[in-house]
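Enquirer: No sequence on hand, only this structure:
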Ligand code: FES
């Protein structure tokens, strides 16, 4: 990943819904932050198929299912795993620093 983009604070890790997706407003964007058994991941909240809010979808393990047409994405790499979603979603490099979730944007 590009190393020169700064890390930016998104949300305190303690405020994330456990094993679920949490919506975070970040500037003009809405970010979906996913708490999973293998760590924390983040993506744009807007589904690239039809613009639905993925934060209203169903989250299971590492897969977020869109609430509108049930397309699905793997939150670890953004890969589309279920039609009608075909293109990868935008994911962000994510880390937790001093209890705060940070992403590179
Ligand atoms: S808007 Fe998300 S699958 Fe269609």
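Expert: All right, it came through fine. Being a predicted model, the structure only gives us computed values, none of them experimental.

Enquirer: can you tell me how far residue 93 sits from the ligand?
Expert: Using C-beta to the nearest ligand atom, to the nearest Å, one obtains 23 Å as the distance from residue 93 to the ligand. Heads up, the C-betas are built off the backbone N, CA and C, glycines and all.

Enquirer: near the ligand, which residues of this protein show up?
Expert: Counting by C-beta under 6 Å from any ligand atom, the chain comes close to the ligand at 47, 49-52, 66, 68-69, 71, 84-85.

Enquirer: Just the buried residues of these.
Expert: When the residues of the chain next to the ligand are checked for burial by 16 or more other C-beta atoms under 10 Å, the buried set is 47, 49, 52, 66, 68, 71, 85.

Enquirer: residue contacts, the second one?
Expert: Meaning residue 49. By C-beta atoms under 8 Å, 6 or more residues apart in numbering, the contact list for residue 49 reads 66, 68-69, 71, 84-87.

Enquirer: Repeat that for residue 91.
Expert: Residue 91 makes contact with 41-43, 75-78, according to C-beta under 8 Å, 6+ apart.

Enquirer: what residues are up against the nearest residue to residue 44 once chain neighbours are set aside?
Expert: Nearest residue to residue 44 in three dimensions, chain neighbours excluded: residue 90, at 4.4 Å (C-beta to C-beta, 6 or more residues apart in numbering). By C-beta under 8 Å, 6+ apart, the contact set of residue 90 is 43-44, 48, 78.

Enquirer: With residue 10 instead?
Expert: Residue 10 makes contact with 24, 26, 31, 33, 42, 100-103, according to C-beta under 8 Å, 6+ apart.
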